[in-house]
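S.K.: Kindly return the folded structure for what I paste below:
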Amino acid sequence: MTVREVPLREKSIVFIGFMGVGKTTIGKLVAKKLYRDFIDIDQVIEEEYGAPTSEIFKQIGEKAFRAKEKEVITKLSKKKLSVLSLGGGAFLQEDIREACTKNCIVFFLDLSWEYWKDRISLIIDSRPVLQGRNIDEILELFNSRQEIYQYHHSRVKTDSQEAEEIADYIVDSLKVAWDIYEPR
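M.R.: Modelled structure (predicted):
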């Protein structure tokens, strides 16, 4: 039996990037514009455990959370015609990076530190890996994560852009690529 490659226009789309860069917001917009299901991986895990991510981290620890994250993402990366938003640390795991880059179209939402730090007050309470860290430690984490985000198919600079215009750019880019690589 031969395994047929999933056509490019049917592959799921994955958004990666540091926490708080807009993966969920932009992912929902892209999903709506392309008539696809939107799946927030953290939300899937939160629903399974019946608790927010910060509580899950406290209850089972980061290692167990990462194992669940890997299980969910590797399974969902094989699903067609979806848009997935991954947690900021998901790409720390090589298995997740490989599954997503093999099975999906991966977009890295690249927001600079200068723009990102303005969002800290909006997200710090809901992000367990930021708890108890000062600004220098958060900057160090931000910088250390940039290396894992280099595994993508397309990088989108998002500084000083609105979510709607970023989503439109991504959708337009996808449609052009689909027409070039898989004309109808």
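S.K.: And the next helix or strand past the least confident helix or strand in the chain by mean pLDDT?
M.R.: The helix or strand of the chain with the lowest confidence, counting by mean pLDDT, DSSP states H and E, is helix 120-123 at a mean of 81. In the C-terminal direction, the helix or strand that comes right after helix 120-123 (DSSP states H and E) is helix 135-146.
S.K.: which stretches of the protein form helices?
M.R.: Along the chain, the segments classed as helices by DSSP state H run 23-33, 41-49, 53-76, 94-103, 113-116, 120-123, 135-146, 163-181.
S.K.: List the buried residues in the least confident helix or strand of the chain.
M.R.: Of all the residues in helix 120-123, not one is buried under the rule 16 or more other Cβ atoms under 10 Å. All C-beta spots, glycine's among them, are computed from the backbone N, C-alpha and C.
S.K.: just to revisit the earlier point, and the helices of the chain, which one averages the lowest pLDDT?
M.R.: For those, the bottom mean pLDDT is recorded on helix 120-123, which sits at a mean of 81.
S.K.: which residues sit against that helix?
M.R.: Helix 120-123 is contacted from outside by 19-20, 130, 135, 138, using Cβ atoms under 8 Å, 6 or more residues apart in numbering.
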